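**Student:** Test case, fold it:
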Amino acid sequence: MEPRPLGATPSRTLLLVWVALVALALLSLAASWAELGPYGSAVALFFATAKAVLVVHFFMGLRHEGATFRLLFLVSFALVGLILGLTFLDIEYR
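**Tutor:** Sure, this is the predicted structure:
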């Protein structure tokens, strides 16, 4: 058997991540039918964030990158969160 390349993710791990993504998608679908009131958007954003983190970490290989790329991802993720937060505040207090 030939050795796995450096940074390659095992197939079993990718399969488990895929199962987790499908489960999160189903939970997101179930949450869309539930009456969550003002928490509906927060729950939807939570599921979307969890799925995005799994995809970026495992399928896009961010965990094999250096600290610079990780920091760049965290900063961009924080900026998107800030923009979304300010948008929700703007809508709330109009």
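**Student:** State which helix of this protein is the longest.
**Tutor:** Taking DSSP state H as the criterion, the chain has its longest helix at helix 67-92.
**Student:** Assign a three-state SS to the residue nearest to the spatial centre of the chain, would you?
**Tutor:** Note on the chain: the residue nearest the mean C-alpha position is residue 52, at 2.2 Å, using Cα atoms, centre = their mean. Classification of residue 52 by DSSP: H, G, I helix; E, B strand; the rest coil places it in helix.
**Student:** quick one, what contacts it?
**Tutor:** The contact partners of residue 52, by Cβ atoms under 8 Å, 6 or more residues apart in numbering, come to none. Backbone N, C-alpha and C define where each C-beta goes, glycine included.
**Student:** Could you report the separation of it from residue 89?
**Tutor:** 22 Å (Cβ to Cβ, to the nearest Å).
**Student:** Next one: the residue nearest to the centre of the chain from residue 12, what distance?
**Tutor:** For residue 52, the distance to residue 12 - Cβ to Cβ - is 22 Å.
**Student:** Over to residue 90?
**Tutor:** Distance from residue 90 to residue 12, by Cβ to Cβ: 45 Å.
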